[in-house]
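with the input below, show me the fold.
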Amino acid sequence: MKTTYLVLAVLGGILPYLFFFPFFQLEGIDLSLFVESLFVNGPAGGFSSDLLFTSFVFWLYMSVQVQESNGPKPYLFIFINLVIGLSCALPAYLYVVKRRGEAQAV
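Purely as a prediction, here's the structure:
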C-alpha cells in the first residue's frame, strides 16, 4: 500500500494543476478571482465547500494523531493541502504513516 499512496500523492499533485495552470495563464495570479471562481455557481460552491470542510477535518485529524499516537507533524501536509490540494496531501500523509509503521515494525 505504501507505494500506492506515493503514486496517488504524485497524481494528486498533478491533477489539480491541469485545471489551475490554464486559469492562471488566462487570469494571472489573481487569488481573489480564484477564490471567487470557486463559488461561481451552486455546484462549484458545493464542491468547494465540501473540499474546504474535508481539509479542515483532515487537519484536525492530523493534530489529534500527533497527540495520541505520535503521528507525523501536520505542518508539511497542511502546506501541501493549501498549495496543491487535499488530493496530494492526504495520500502523502498516508504514505508517511505507512512508512513509519513499517520502520517501527522492523
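
from now on I want contacts and neighbour counts done on CA atoms only, so please keep to that.
Fine.

and residue 10, what does it touch?
Neighbour list for residue 10: residue 88 [criterion: C-alpha atoms under 8 Å, 6 or more residues apart in numbering].

which of the three states applies to it?
helix (DSSP: H, G, I helix; E, B strand; the rest coil).

how far away is it from residue 4?
Note on residue 10: its distance to residue 4, by C-alpha to C-alpha, to the nearest Å, is 10 Å.

export the one helix or strand residue 89 maps to to CSV, keeping only CA atoms.
Using DSSP states H and E, residue 89 sits in helix 86-105. Listed in CSV are the C-alpha atoms of helix 86-105, where the atom choice follows Å, rounded to 0.1, in the frame of the first residue of the first chain:
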residue,chain,number,x,y,z
LEU,A,86,-6.1,17.5,-0.4
SER,A,87,-5.7,15.1,-3.4
CYS,A,88,-1.9,15.3,-2.8
ALA,A,89,-1.8,16.0,1.0
LEU,A,90,-3.9,13.0,2.1
PRO,A,91,-2.1,10.3,0.2
ALA,A,92,1.2,11.9,1.1
TYR,A,93,0.3,11.8,4.8
LEU,A,94,-0.9,8.1,4.5
TYR,A,95,2.4,7.3,2.8
VAL,A,96,4.4,8.7,5.7
VAL,A,97,2.2,7.0,8.3
LYS,A,98,2.6,3.6,6.4
ARG,A,99,6.4,4.1,6.0
ARG,A,100,6.8,5.0,9.7
GLY,A,101,4.7,1.9,10.7
GLU,A,102,6.9,-0.4,8.6
ALA,A,103,10.1,1.2,10.1
GLN,A,104,8.8,0.6,13.6
ALA,A,105,7.9,-3.0,12.8
